[in-house]
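S.K.: Here you go, sequence then predicted model.
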Number of protein chains: 4
Amino acid sequence: MNKKYIAVIGSGSCGEDARDAAYRAGKAIGQAGAVLVCGGLGGVMDAAAKGAAAAGGMSVGILPEQNRLGASRHLTIAIPTDLGELRNALIVRAADAVVSICGEYGTLSEIGFALKLGKPVFGFNTWELGKKGEPDTGITVAETPEEAVSLALDAAV
Amino acid sequence: MNKKYIAVIGSGSCGEDARDAAYRAGKAIGQAGAVLVCGGLGGVMDAAAKGAAAAGGMSVGILPEQNRLGASRHLTIAIPTDLGELRNALIVRAADAVVSICGEYGTLSEIGFALKLGKPVFGFNTWELGKKGEPDTGITVAETPEEAVSLALDAAV
Amino acid sequence: MNKKYIAVIGSGSCGEDARDAAYRAGKAIGQAGAVLVCGGLGGVMDAAAKGAAAAGGMSVGILPEQNRLGASRHLTIAIPTDLGELRNALIVRAADAVVSICGEYGTLSEIGFALKLGKPVFGFNTWELGKKGEPDTGITVAETPEEAVSLALDAAV
Amino acid sequence: MNKKYIAVIGSGSCGEDARDAAYRAGKAIGQAGAVLVCGGLGGVMDAAAKGAAAAGGMSVGILPEQNRLGASRHLTIAIPTDLGELRNALIVRAADAVVSICGEYGTLSEIGFALKLGKPVFGFNTWELGKKGEPDTGITVAETPEEAVSLALDAAV
């Protein structure tokens, strides 16, 4: 039970670039012996789970629906919650650190939650935040998915 | 039960400007006969509830703790949830439209949730969002708190 | 904000006896100046809200759906949660004491939650609990809905 | 992802008999290649996870706290939720069928949720339910923990 838990967040419908980045992030998490936490559906979530599985790692998907029908088949464990988008908060809560890849508004809610909870967030091609024209520095920008995971593993306590 | 429900979101610790703006927003909501929904604590939340009460309006605070000890005394109804920051999602879910004033990361999570759920969001001095250097247009910027509320009331269905 | 909050729990589909008892309970809560908390839908919930309104009291319905379409029209405030049956826990959490009238399995979950959280539960024609053939004394049985409310008001802190 | 998920519910503080029964239930779940879902803490939860691990099976603990410090060390995966007792509903939601062993009021809330959601519940030395002096038949009583698991596996769809 001393494993690190790293969330990969991003949207269910995304381009090939985002899927590729998520796969690489999931693979890096699996190679490090950490547990991947994700939203359990398609797009970035499915690609990350596929990557974790390719590395022999474990993954948990926290699903918005009341059953596992829409779950990625690459997940080790799938948890239906029937919480809808509110499950986003549980994904972040379950993780020690967060890697954000691209993403839409659901991902934005997860970033907000993570930063509010004090969880380190590492971004790759993801949301940019600011106030009064000044950029917010809450998200640490990484150059590659592997770098994002490496930083997340270091930050996870 | 045909009342409109408008959320005012923003942080618990904020400057006098934000408190003033929240008071004005809450007052405008109360004057319109709508119900104010907020997080029920201090700062923007308390100021908005005070404004609603000044206009003879009703307000509901959805609290993160398991009791009402920290609730604003200006609230009509206070709902303790013991959900912590996860209650942010309930504030947004309970509202027909959202007014965001200043705010920190908790507010950011609420903005993300609102936009994900398709709830209209109107901002006054609040978060600025972008991707790849391009601003995101999810938040409609208002020039005054009263304008934000007016737009929110129009958008609330 | 020093009002007492009393939940009335019971099923959405119930007989005339249960509706009558819930109406009387809601009315007694309203007459005492306390706030009624309920699940916001039909049956016992609607009847309790109607009773509270008849006494000029306030009521809050915590709804399982993502909108207010199914809400009792007698509620002062309706809070859609999209939490499904999980909202049962929030009803109990929001109350200082609980009155249970008849009820099905959803009500049973609320009774369990209330007793687990240490909230006093008063029952009228409701679930009977036991272990190893011995009755459990967690629910205090009342002879009338008014007695249940009176005991709940005394127990609410 | 075609695995069956079986919850074992029961209290965190329980006697040696309950721990023994939970261990046997967890072991039977692991031997069947199903996933054990539990509350992740001590007592029945820990014993069930230990049993699952002894059979080489997987287990998921859905924790009430905001971290994994109190998690059973026998779990495969531990999910902190910070939802307090509200996480009870998630345990049931995540399972295809439920085995209840002894248990206190938290377990009662889980039984209520499970029956409300239409999840089959099999009990061993657990709560007895009734209304108006008549026993309720929602919980199917098993003679042994192994029988409870066997029935749960058959009922899980």
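M.R.: Looks like it arrived, so ask away.
S.K.: Partner strands of the helix or strand hosting A:Ser100, with direction?
M.R.: Secondary structure from DSSP states H and E places A:Ser100 in strand A:97-101. Next to strand A:97-101 in the sheet, as set by DSSP bridges, lie strand A:5-9 (parallel), strand A:121-124 (parallel).
S.K.: Other residues contacting the last one?
M.R.: When contacts are defined by Cβ atoms under 8 Å, 6 or more residues apart in numbering or on different chains, strand A:121-124 is touched by residues A:21, A:25, A:97-102, A:111, A:114-115, A:138-145, A:147-149, A:151-152, A:155. Heads up, the C-betas are built off the backbone N, CA and C, glycines and all.
S.K.: Residues of chain A that sit close to chain C?
M.R.: A:66, A:82-84, A:86 (Cβ under 8 Å from any Cβ of the partner chain).
S.K.: Keep only those residues that also lie close to chain B.
M.R.: Contacts with chain B are made by A:Leu86 out of those, judged by Cβ under 8 Å from any Cβ.
S.K.: so A:Glu146 is in which element?
M.R.: If you go by DSSP H and E, A:Glu146 is part of helix A:145-155.
S.K.: tell me which strands and helices that helix is in contact with?
M.R.: Using 3 or more Cβ pairs under 8 Å, 6 or more residues apart in numbering or on different chains; DSSP states H and E, the elements in contact with helix A:145-155 are strand A:5-9, helix A:16-31, strand A:97-101, strand A:121-124.
S.K.: Pipe the ones you listed into JSON lines and attach mean neighbour count per row.
M.R.: JSON lines is the format used below for the helices and strands packed on helix A:145-155 (neighbours: other Cβ atoms under 10 Å in any protein chain shown):
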{"stretch": "strand A:5-9", "mean neighbour count": "29"}
{"stretch": "helix A:16-31", "mean neighbour count": "23"}
{"stretch": "strand A:97-101", "mean neighbour count": "29"}
{"stretch": "strand A:121-124", "mean neighbour count": "26"}
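S.K.: right, and A:Val60 touches A:Ala95 too?
M.R.: No - using Cβ atoms under 8 Å, A:Val60 is not in contact with A:Ala95; the gap is 9.7 Å.
S.K.: So for the two, which residue has more residues nearby?
M.R.: Counted by other Cβ atoms under 10 Å in any protein chain shown, A:Val60 and A:Ala95 do not tie: A:Ala95 has more neighbours, with 31 against 26.
S.K.: Which residue, other than its chain neighbours, is closest to that one?
M.R.: A:Ala7 (3.5 Å; Cβ to Cβ, 6 or more residues apart in numbering or on different chains).
S.K.: Run through the bridge partners of that neighbour.
M.R.: A:Val37, A:Val98.
S.K.: any idea how far it is from D:Val141?
M.R.: Note on A:Ala7: its distance to D:Val141, by Cβ to Cβ, to the nearest Å, is 41 Å.
S.K.: Ok, A:Gly10 next?
M.R.: To D:Val141, A:Gly10 is 47 Å away according to Cβ to Cβ.
S.K.: Could you check which of these two has the larger neighbour count?
M.R.: Set A:Gly10 next to D:Val141 and count neighbours by other Cβ under 10 Å: A:Gly10 wins out with 29 against 14.
S.K.: Next, the contact list for the residue lying closest to that one once chain neighbours are set aside, please.
M.R.: Counting by Cβ to Cβ, 6+ apart, A:Gly10 lies nearest to A:Val44, which is 2.9 Å off, once chain neighbours are set aside. Residues in contact with A:Val44 (Cβ under 8 Å, 6+ apart) are A:8-12, A:14, A:18-19, A:22, A:38, A:101-103.
S.K.: Enumerate every residue touching the closest residue to A:Glu104 other than its chain neighbours.
M.R.: Nearest non-adjacent residue to A:Glu104, counting by Cβ to Cβ, 6+ apart: A:Ser11, 4.4 Å away. Listed by Cβ under 8 Å, 6+ apart, the contact set of A:Ser11 reads A:18, A:43-44, A:102-104, A:106-107.
S.K.: A:Ser11: which element?
M.R.: Using DSSP H and E, no helix or strand contains A:Ser11.
S.K.: Take the contacts of A:Ser11 and keep only those in strands.
M.R.: Among these, no member falls in strands (DSSP state E).
S.K.: could the residues you listed go into JSON lines alongside pLDDT?
M.R.: Output for these, formatted as JSON lines (pLDDT from 0 to 100):
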{"residue": "A:Ala18", "pLDDT": "96"}
{"residue": "A:Gly43", "pLDDT": "96"}
{"residue": "A:Val44", "pLDDT": "97"}
{"residue": "A:Cys102", "pLDDT": "95"}
{"residue": "A:Gly103", "pLDDT": "94"}
{"residue": "A:Glu104", "pLDDT": "96"}
{"residue": "A:Gly106", "pLDDT": "97"}
{"residue": "A:Thr107", "pLDDT": "97"}
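S.K.: Show me what from chain A comes close to chain D.
M.R.: A:1, A:35, A:58, A:60, A:62, A:66, A:68, A:71-73, A:75-82, A:90, A:93-94.
S.K.: Show me how to select, in PyMOL, the buried members of the residues you listed.
M.R.: Those of the residues of chain A next to chain D that count as buried under 16 or more other Cβ atoms under 10 Å in any protein chain shown are selected in PyMOL with:
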select buried, chain A and resi 35+58+60+62+66+68+71+72+75+76+77+78+79+80+81+82+90+93+94
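S.K.: dump the residue contacts of the residue in chain A sticking out farthest from the centre.
M.R.: Centroid-distance maximum for chain A: A:Lys132 at 28.3 Å, with Cα atoms, centre = their mean. Shown in contact with A:Lys132 (Cβ under 8 Å, 6+ apart): B:125, B:128.
S.K.: does A:Val37 really touch A:Asn88, like I thought?
M.R.: No - taking contacts as Cβ under 8 Å, A:Val37 lies outside contact range of A:Asn88: 11.6 Å.
S.K.: The most centrally placed residue in chain A and chain D, how far apart?
M.R.: Nearest to the mean C-alpha position of chain A, counting by Cα atoms, centre = their mean, stands A:Val8 at 1.3 Å. Separation of A:Val8 from chain D (Cβ to the nearest Cβ, to the nearest Å) stands at 16 Å.
S.K.: what does A:Lys27 give?
M.R.: In terms of Cβ to the nearest Cβ, A:Lys27 sits 19 Å off from chain D.
S.K.: Just give the closest residue to that residue, not the sequence neighbours.
M.R.: That would be A:Gly51: by Cβ to Cβ, 6+ apart, it lies 3.7 Å from A:Lys27.
S.K.: Might one say that A:Gly61 is in contact with A:Arg73?
M.R.: No - the pair A:Gly61 / A:Arg73 is not scored as a contact, 10.4 Å apart, by Cβ under 8 Å.
S.K.: OK, contacts around the nearest residue to A:Gly12 once chain neighbours are set aside?
M.R.: Spatial nearest neighbour of A:Gly12, chain neighbours left out: A:Gly43 (4.1 Å); criterion: Cβ to Cβ, 6+ apart. By Cβ under 8 Å, 6+ apart, the contact list for A:Gly43 reads A:10-14, A:18-19, A:22.
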